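J.: Attaching a predicted model along with its sequence, questions to come.
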Amino acid sequence: MKKLQFPKNFLWGSATSAHQVEGGTNNQWTQWEKDNAQRLADEAKTKWQPWQQEHFPEMFEKENYISGSACDHYNRYEQDFDLAKQLGQNAHRFSIEWSRIEPEEGKFDEKEIEHYRRVLRALRERGIEPFVTLWHWTEPVWFNEKGGWTNKKSAEYFSRFVEKVVGQYKDLVKFWVVINEANVGIGYGYLLGSQPPAKKGLVNFYKAYFNLLSAFKQSNSVIRKINDKAEIGIANSITHYETKIFPGLNYLIVKFIEFFSEYFLRATIPYCTFVGCNYYSRYVISLNKGVVSEKSKTDLGWEIYPKGLYLVLKKLKKYNLPVYITENGLADTKDEKRKEFVVEHLKWMHRAIEEGADVRGYFHWSLLDNFEFPQVRGFWPRFGLVEIDFKTQQRKIRSSTHEYATICKNNALDVE
Ligand code: IFM
C-alpha cells in the first residue's frame with residue numbers, strides 16, 4: 001500500500017449552485033421552466049438513448065423540469081453543512097442568488113442579505129472555507145426583461161450587485177468565483193437557445209459573451225477596491241479534446257478548438273489570482289462514432305476519463321496561477337461508479353501535482369443531488385455525494401461517499 005499525500009492546507013469540498021439546490025427561487029429560469037416543462041418531457045424520447053429512457057422514466061414527467069423546492073437547501077443549509085463537515089470537508093463552493101439580493105432593479109433585499117450572512121457564518125462556524133460564485137447562470141427577472149447579457153448596460157448592472165455583495169461579506173469571504181462556465185452558460189442560453197433565457201442567435205451570443213467579459217473586468221475592479229486581499233477567479237469548463245480525423249492535422253484541429261474554447265479563460269487570466277477548473281470528461285472528435293463501454297460511462301452517457309484531469313492540469317500550468325478544481329463529478333444513480341471515479345481522478349490529480357501543477361483544492365460536484373442545469377436536464381441525473389429524496393427531502397449519504405470522506409480527512413489517498 002502506498003500513500004499519496006496531498007499538499008499541506010489542501011482544500012477539500014463539494015460544490016452547489018443556488019437555483020439547483022435552494023428551492024423557491026424567482027429568476028429568469030423559473031417561468032421558463034413552467035412554460036417549457038411539457039415540451040422538454042415530450043422531447044426526452046428523441047433526446048436520450050433507449051437505455052437512459054428505460055432507466056430514468058422520470059425524464060418523461062413534466063415535474064422533472066421544474067426546479068420548484070429543489071433540495072430546500074435554502075431552509076436546510078445548516079443540516080447540509082453538518083453533513084459536509086461530517087464528511088471531512090474544509091471548503092464549500094456555492095452561489096449567491098442575484099434575484100434574491102436584488103429582486104427589483106436597484107433595490108436590495110436586506111432580509112436576503114442577512115440570509116446569506118447566516119449561510120456564510122454557518123460555514124465558518126464549521127471550519128469550512130467558502131468559495132462564493134456570483135454568476136451561476138441565474139439572474140433577476142428585471143435584468144432579463146432588459147435583454148439580459150445582450151443589454152449594453154448589463155456589465156454595469158452586474159457589477160452593482162457584486163459591489164453590494166462583496167461590501168457586505170468582505171469579512172466572511174476570501175475566495176470569489178465571479179463567473180461559472182461562461183462558454184456553457186452563454187453558449188446554451190444565447191447561441192443554441194436550449195436553456196434560459198433562450199435568446200438564440202449569433203449576434204445575441206456575441207453581445208452576451210463580450211458583455212459578460214466586461215462584467216467580469218468591472219467586477220474585478222470593484223472587488224479589488226473593497227478588498228485588495230481577495231482571491232478572484234472564474235470556474236472554467238475545461239475539456240480534454242482529442243481528434244482522430246486526419247493524422248497530420250489532428251494537432252492543429254485540437255489547437256484550433258482550444259483557441260476558441262479557452263478564449264474567455266485567456267482574457268480573464270490577467271485579472272485572476274487563481275484558475276477554477278471544472279473537469280468532467282474528454283471530447284473525441286472522430287469520423288466514426290466511438291463506442292464508450294458501459295463501465296466507463298455515466299448516466300448522462302459521458303465518458304469517464306480520469307487521465308483527462310491530469311492532461312488538463314498540465315495544460316493549465318502555462319498560466320502560472322494556483323488552480324482549484326471547482327467541479328468534478330458524475331451522474332450515477334446506482335452509486336456503482338462514484339468511488340472509483342473519485343479515486344482515479346484524485347490519483348491523476350496527485351500525479352499532476354507531483355509534476356509541478358499548483359493545485360490547491362478539489363470540489364466534488366455535487367454535495368447534494370440537485371436540479372441538473374445545462375439544457376434543463378432536471379432532477380433525474382444524480383450527482384450528489386448525498387442522495388436526496390425529493391418528495392420527503394430526506395438526506396442520505398451515499399456509500400461511495402465514505403471513500404471521499406476518508407481522503408478528505410487524511411489529506412491523502414491510499415493506493416495499492
Ligand atoms: O450541474 C452542472 C453545473 O451547474 C455546471 N457544471 C456542470 C454541472 C454538471 O452538469
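T.: Sure, I can see it.
J.: all contacts plus neighbour counts: C-alpha atoms, from now on.
T.: OK.
J.: list the contacts for the closest residue to residue 20 other than its chain neighbours?
T.: Distance criterion Cα to Cα, 6 or more residues apart in numbering; nearest residue to residue 20, sequence neighbours excluded, is residue 371 at 4.6 Å. Counting by Cα atoms under 8 Å, 6 or more residues apart in numbering, residue 371 makes contact with 19-21, 67, 70, 377-379.
J.: got it, and residue 69?
T.: Residues counted as contacts of residue 69 (Cα under 8 Å, 6+ apart) are 22-24.
J.: And the strands in the chain, which stretches?
T.: 2-5, 11-15, 91-95, 129-135, 175-180, 231-237, 240-244, 275-278, 282-286, 323-327, 359-365, 386-389, 394-397, 412-415 (DSSP state E).
J.: could you dump the ones you listed to JSON lines with mean neighbour count and distance to the ligand?
T.: Converted to JSON lines, the strands of the chain look like this (neighbours: other Cα atoms under 10 Å; distance: least, Cα to the nearest ligand atom, whole Å):
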{"stretch": "strand 2-5", "mean neighbour count": "12", "distance to the ligand": "27"}
{"stretch": "strand 11-15", "mean neighbour count": "26", "distance to the ligand": "9"}
{"stretch": "strand 91-95", "mean neighbour count": "24", "distance to the ligand": "10"}
{"stretch": "strand 129-135", "mean neighbour count": "24", "distance to the ligand": "11"}
{"stretch": "strand 175-180", "mean neighbour count": "23", "distance to the ligand": "7"}
{"stretch": "strand 231-237", "mean neighbour count": "23", "distance to the ligand": "7"}
{"stretch": "strand 240-244", "mean neighbour count": "18", "distance to the ligand": "15"}
{"stretch": "strand 275-278", "mean neighbour count": "26", "distance to the ligand": "7"}
{"stretch": "strand 282-286", "mean neighbour count": "16", "distance to the ligand": "14"}
{"stretch": "strand 323-327", "mean neighbour count": "24", "distance to the ligand": "7"}
{"stretch": "strand 359-365", "mean neighbour count": "23", "distance to the ligand": "7"}
{"stretch": "strand 386-389", "mean neighbour count": "19", "distance to the ligand": "15"}
{"stretch": "strand 394-397", "mean neighbour count": "15", "distance to the ligand": "19"}
{"stretch": "strand 412-415", "mean neighbour count": "15", "distance to the ligand": "25"}
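J.: residues of stretch 19-35 that come out buried?
T.: Going by neighbour count (16 or more other Cα atoms under 10 Å), the buried part of stretch 19-35 is 19-30, 32-34.
J.: what does stretch 366-377 give?
T.: 366-373, 375-377.
J.: Around the residue lying closest to residue 399 once chain neighbours are set aside, how many other residues sit close by?
T.: Residue nearest to residue 399 in three dimensions, not counting chain neighbours: residue 335, with 7.6 Å by Cα to Cα, 6+ apart. A count of neighbours around residue 335, defined by other Cα atoms under 10 Å, yields 18.
J.: if I look at residue 335, how far off is the ligand?
T.: Distance from residue 335 to the ligand, counting by Cα to the nearest ligand atom, to the nearest Å: 16 Å.
J.: Quick check: that residue touching residue 397?
T.: No. Contact criterion Cα atoms under 8 Å: residue 335 and residue 397 do not qualify, at 10.8 Å.
J.: partners of the residue nearest the centre of the chain in the sheet?
T.: Nearest residue to the geometric centre of the chain (Cα atoms, centre = their mean): residue 327, 5.5 Å. Beta bridges link residue 327 to residue 278 when assigned by DSSP bridges.
J.: Pull the contacting residues for it.
T.: Contacts of residue 327 by Cα under 8 Å, 6+ apart are 14-15, 277-280, 362-366.
J.: Could you rerun that using 6 Å?
T.: Residue 327 sits next to 278, 363-365 when contact means Cα atoms under 6 Å, 6 or more residues apart in numbering.
J.: that older thread, turn the strands of the chain into a markdown table, including mean pLDDT.
T.: Shown next, in a markdown table, are the strands of the chain (pLDDT from 0 to 100):
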| stretch | mean pLDDT |
| --- | --- |
| strand 2-5 | 96 |
| strand 11-15 | 98 |
| strand 91-95 | 99 |
| strand 129-135 | 99 |
| strand 175-180 | 98 |
| strand 231-237 | 98 |
| strand 240-244 | 88 |
| strand 275-278 | 98 |
| strand 282-286 | 86 |
| strand 323-327 | 99 |
| strand 359-365 | 98 |
| strand 386-389 | 98 |
| strand 394-397 | 98 |
| strand 412-415 | 96 |
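J.: how about those, which one is nearest residue 257?
T.: strand 240-244 (8.1 Å; Cα to Cα).
J.: pull the helix or strand with minimum mean pLDDT from this structure.
T.: Least confident helix or strand of the chain, by mean pLDDT, DSSP states H and E, is strand 282-286 with a mean of 86.
J.: how far off strand 240-244 does it point, in degrees?
T.: Put simply, strand 282-286 runs at 20 degrees to strand 240-244, going by axes from the mean of the first three to the mean of the last three Cα atoms, to 10 degrees.
J.: Next one: residue 126 from residue 14, what distance?
T.: 14 Å (Cα to Cα, to the nearest Å).
J.: before we move on, what about residue 309?
T.: Relative to residue 14, and taking Cα to Cα, residue 309 is found at 17 Å.
J.: Write out the residues of the chain neighbouring the ligand.
T.: When proximity is defined as Cα under 6 Å from any ligand atom, the chain approaches the ligand at 372-374.
J.: Low-confidence regions, this protein specifically.
T.: 289-291 (pLDDT under 70).
J.: List the buried residues of the longest helix anywhere in the chain.
T.: Identified as the longest helix of the chain according to DSSP state H is helix 202-226. Across helix 202-226, burial judged by 16+ other Cα under 10 Å covers 204-220, 222-224.
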